[in-house]
Every structure is written in C-alpha cells, then in structure tokens.
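> Sharing a sequence plus its predicted fold:
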Amino acid sequence: MTQPMLLLVESNTTGTGRQFAQRARSRGIRPVLLCADPGRYPYVAEDDVRAVVVDTADEHAVLAAARRLQEDGPIAGVTSSSEYYVATAAATARALGLPGPDVEAVRDCRDKARQRRLLGEGGVAVPAHERVGTADEARAAADRIGCPVVLKPVQGSGSLGVRLCADGDEVAAHAAVLTAAAVNERGVAVPRDILVEEYLRGDEYSVEVFGHTAVVVIAKHLGPLPDFVELGHDAPAALPEADAAALREQAVRAVKALGLGWGAAHVELRMEGGDVRVVEVNPRLAGGMIPELVRHVLGIDLVDGQVCAAVGADPAVTPQAISRTAAIRFLTADRRGFLGDRIGTERALAAARAVPHTETAVLYRAPGEPVEPARDFRGRLGHVIATADDSALSGGAAENALRELAGALHPTTGESPA
C-alpha cells in the first residue's frame, strides 16, 4: 500500500519545523515539503525529506502542486508550521476535503486589525488601536491614543517590525519604514497598512490553546525596549491559580470570538493587576521552542498533536497535572562581534550542558559567524532548556547555562576566526 503523505507548506527554519516532518514519519506518514527554496531548510537534506518547489505565495499554485502529488498517492493532510502560510495550508486542505481550520477565520486572524475588531465585538479586552496607512496618519493616531505606542505591521510574525515609539517623531520615522515595505522577510506581498496601538505595561504571558482547551500558561521574558525580542519562557508561569485561570479563560474566549478552535492557537496576553488584555492570537502552534517546554512539563507533544489534527487522528493533548517546570533562555549578543572558533564554541556548549538541570544547549550559528544585538527573533543565536521541580530552580539553571553558552561570543576587536 502506498504510504500517505502530509504536505507541509513551507516551514519554520528552526525548532518545530523539523519536528513536524519527524512526527509525521513516526506515524507512518511521508512528509512532503512544498516550498519556494529547499535551501532555506537544512533539515530537508539532512533528514532526506522530499521537497517540491512551488510558488508558495500563490495559493492556486500550491493547490495545483497538491493535486499533482495526489497522482503519487493519497494525501492525508496539509498544514504548516509557519504563520505566513497557515491560511494557504488551510485553503489547500479545504479544497482537498481534508481536516483543517476555518479558512476565513484564519485569514481574519492573520490581519491584526481585523482580529482586534472581532475580539472587541466578542467582548475580549484588547489594547486601544488604530489601523493606518501613512506616517502622518500614524502620528495622528498616536496623538489620540497617547504615547508611547507600539507600531507593528498588520501582518507579521516573530516581532518583526514591532517597536515601541516614545513620541510623534519616532512614530512617524518608524511608520515610514513599515509602510514602505511591500513584502515580508519571506518575499511574500503584504499590506502596507500598520497598526498603532496602546502600550500595555503589564507582564506578558502566552496561553497555548488546542481546540477550545487551554493547555498551559507560559511566562515570557522580553529583551530591552524599544524592541520586543523574546529572550525566554517559563512553563508553567509561576502565578496564583486565580491569575492563571483568568489568563486561560480570556485566551479561550479570544479563540472562540475569532471562529477558531481547530488545532493549536498561541494566544499572547498582558496582565496588570486584575486587568487581562489580549495582545494577539496566532492561529498556529507556538514558536520559541515552547512545544518543547510543554513536552518536558506535561508529557504532551503539541507538534504531534498538530500533525494528528491535520490527518484526522486523535490529537491526545488533554491537560494533565503539572509536576515539573521548564525554562528556556535564548542567547543574544549585546554588541557586535562573532562566534568563537570550533574549539571555543564546543567548550561553551559543553560547559552549558554541564550545568545541573540543563536538558539542552544549542547554537544556531557556525564558528566565526558575525553577530549583533537582536532586533527580532532572527537575532537569537542559540538556546538552553532546563527542567526542575520548581520554577525558581529551572529558571536559575537556565540562566546559569546561558552564561556558560555566552562564552562562545566575542566582541569585535579584530578579525574573527576563520
């Protein structure tokens, strides 16, 4: 019998992208990556994953490629680990009669301005915001909302282009940059409109939702303003149960208000005192290695759950009692420099892995590569994960391991190693 296929429309370049293909194989399903450039994904060659080159910015081209692949055997499902392509994957799945989220709901969710309107109509608290198309409109919106404000593209991911602006001049300058962009980092056409929104000062969390069930609350650690780089996560968030329950309730309400409820959703929120507001809902599995934290803490494999949902199998992601904690910290540079030579990076990795309670320590860059301070997720250079019985211990272990891993970084004082 011909092995069924799971079509993956593009992928994350790191983290769960590779895991989607691995989980499919573990279930006897052939992963097939539909992508514009297989070279973006080293795991394709390393894991011998079949890649089909197609213009993934064109939904019709993706569907045509999928129909051609049906000549080779049955397609069990279509999905994507990349937020940029979740709508294309959903539309393809619907056209083929396969499981998937509501296409229109995903498209509404991907547009942050439409998302906020729907959330507000559904009684979900969100920051004050306005959609604008020019720098002058952005400045006027900021005046009405009150500075500082956050500017972001109406479509985006990974905090790309997201910036806190202190006054009207900063608003106009950053708005001019954002509204000039006709394509995103993947080269896909995007609206030039941007969102100007109220800056929420409370602590930030995410709730990982599957279907209409809140699986776990995650605490976020953000880098210095004016950027919003995620430097770490703690699972579960160390919160009083009443606060965690409020976050879970608001996250599920947001998912329902948007017409979602199939598979995973990553809901970002801020809490200040008793005020909980939704920053945004992402109609996909969390990035930032959060699924790995969930696996360590709950024994639930969210990546496998998403694969199961895509092929119509039982996702098996029922929340369980939490008896462990996990923390991830990302390595970033505080100045321009480079990674050390092979011996130096191996020494730093070994030292990080030797820290008690450390599960994982990895570097994303090769020895000698230049580095600079992170402005978004692309500036992250590696990560460590630690687990322990309580959050103070796992978080402390992750911080200690990160300091050891930082030994691989060198400021620019001369030539980097070859």
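Here it is on my side, so go on.
> Provide the secondary structure category for the closest residue to P38 other than its chain neighbours.
In space, and not counting its chain neighbours, P38 is closest to A51: 3.9 Å by Cβ to Cβ, 6 or more residues apart in numbering. All C-beta atoms are positioned from the backbone trio N, CA, C, and that covers glycine. At A51 the chain is in strand, as set by DSSP: H, G, I helix; E, B strand; the rest coil.
> So what sits opposite A51 in the bridge?
L33 (DSSP bridges).
> Quick check: it touching V44?
Yes: taking Cβ atoms under 8 Å as the definition, A51 is a contact partner of V44 at 5.1 Å.
> between those two, what contacts are shared?
Counting by Cβ atoms under 8 Å, 6 or more residues apart in numbering, the common neighbours of A51 and V44 are L33, P38.
> in the helix or strand hosting A21, what counts as buried?
Per DSSP states H and E, A21 falls inside helix 16-26. If you call a residue buried by 16 or more other Cβ atoms under 10 Å, then helix 16-26 has these buried ones: T16, G17, R18, Q19, F20, A21, Q22, R23, A24, R25.
> how close does the fifth one get to T360?
Right, F20. Per Cβ to Cβ, to the nearest Å, F20 is found 19 Å from T360.
> And for the fourth one?
Using Cβ to Cβ, Q19 is found at 13 Å from T360.
> go on, A61?
Distance check for A61 against T360: by Cβ to Cβ, it reads 37 Å.
> what's the answer for E268, then?
E268 sits 24 Å away from T360, going by Cβ to Cβ.
> Equivalent analysis for S323, please.
For S323 relative to T360 (Cβ to Cβ), the value is 20 Å.
> Which one of those two is surrounded by more residues?
Set side by side, S323 and T360 show more neighbours around T360, with 17 against 9, by other Cβ atoms under 10 Å.
> Figure out the helix or strand that the closest residue in space to the more buried one that isn't next to it in sequence lives in.
Residue nearest to T360 in three dimensions, not counting chain neighbours: I385, with 4.3 Å by Cβ to Cβ, 6+ apart. Assigned by DSSP H and E, I385 belongs to strand 382-388.
> before we move on, what about H296?
Using DSSP H and E, H296 falls in helix 290-298.
> what do you get for H410?
strand 409-411.
> Listing partners with orientation, what would you give for that strand?
Strand pairing for strand 409-411, using DSSP bridges, gives strand 337-339 (antiparallel).
> For whichever helix or strand comes after the strand it pairs with, which outside residues touch it?
The first helix or strand that comes after strand 337-339 along the chain, using DSSP H and E, is helix 342-353. For helix 342-353, the external contacting residues (Cβ under 8 Å, 6+ apart) are 339-340, 358, 360-363, 367, 384, 401-402, 404-408, 410, 417.
> try 6 Å this time
Applying Cβ atoms under 6 Å, 6 or more residues apart in numbering, the contact partners of helix 342-353 are L339, A361, P367, V384, A401, E404, L405, G407, A408.
> The helix or strand just after it pairs with which strands, and in what direction?
Using DSSP H and E, the helix or strand that follows helix 342-353 in sequence is strand 358-363. According to DSSP bridges, strand 358-363 forms sheet pairs with strand 382-388 (antiparallel).
> Now the partner strand: buried residues?
Buried residues in strand 382-388 (16+ other Cβ under 10 Å): G382, H383, V384, I385, A386, T387, A388.
> Out of these, which comes closest to V126?
H383 (30.2 Å; Cβ to Cβ).
> Who is the closest one paired with across the strands?
F330, V362.
> got a pLDDT number for T16?
In this model, T16 is scored at 85, pLDDT.
> could you list every residue that touches it?
Contacts of T16 by Cβ under 6 Å, 6+ apart are S81, P291, V303.
> roughly how far apart are the spatially most central residue of the chain and T332?
Here the mean C-alpha position of the chain is nearest to the C-alpha of G287 (Cα atoms, centre = their mean), at a distance of 3.0 Å. Distance, G287 to T332, using Cβ to Cβ: 16 Å.
> swap in A348?
From A348 to T332 the distance is 14 Å (Cβ to Cβ).
> Compare the two (neighbour count), which wins?
A348 (23 against 20).
> one step back: can you pull the phi/psi pair for the residue nearest to the centre of the chain?
phi -90, psi -150 (degrees, to the nearest 10).
> was I right about A254 contacting V278?
Yes: applying Cβ atoms under 6 Å as the test, A254 and V278 come out as touching, 4.8 Å apart.
> Now the common contact residues for these two.
Joint contacts of A254 and V278 (Cβ under 6 Å, 6+ apart) are L119, V124.
> Could I get the buried residue list for the biggest helix by length in the chain?
Ranked by number of residues, the top helix in the chain under DSSP state H is helix 241-257. Across helix 241-257, burial judged by 16+ other Cβ under 10 Å covers D243, A244, A246, L247, R248, Q250, A251, V252, R253, A254, V255, A257.
> Name the SS class of L8, please.
Relying on three-state DSSP, one would call L8 strand.
> Let's see if you can find the most crowded of the contacts of T16.
When neighbours are counted by other Cβ under 10 Å, S81 leads the contacts of T16 with 27 neighbours.
> tell me the contacts of that one?
By Cβ under 6 Å, 6+ apart, S81 lies in contact with S11, N12, T16, G17, F20.
> For my notes, confirm L63 occurs in a strand.
No: under three-state DSSP, L63 sits outside any strand and is assigned helix.
> Run a quick neighbour tally on it.
Here the number of neighbours of L63 (other Cβ under 10 Å) works out to 19.
> can I assume it is in contact with T92?
Yes: between L63 and T92 there is a contact under Cβ under 6 Å: 5.2 Å.
> what's in contact with the helix or strand encompassing C308?
Assigned by DSSP H and E, C308 falls within helix 302-310. Contacts to helix 302-310, defined as Cβ under 6 Å, 6+ apart, come from residues 16, 19, 23-24, 77, 79, 263-264, 285, 291, 294, 315, 317.
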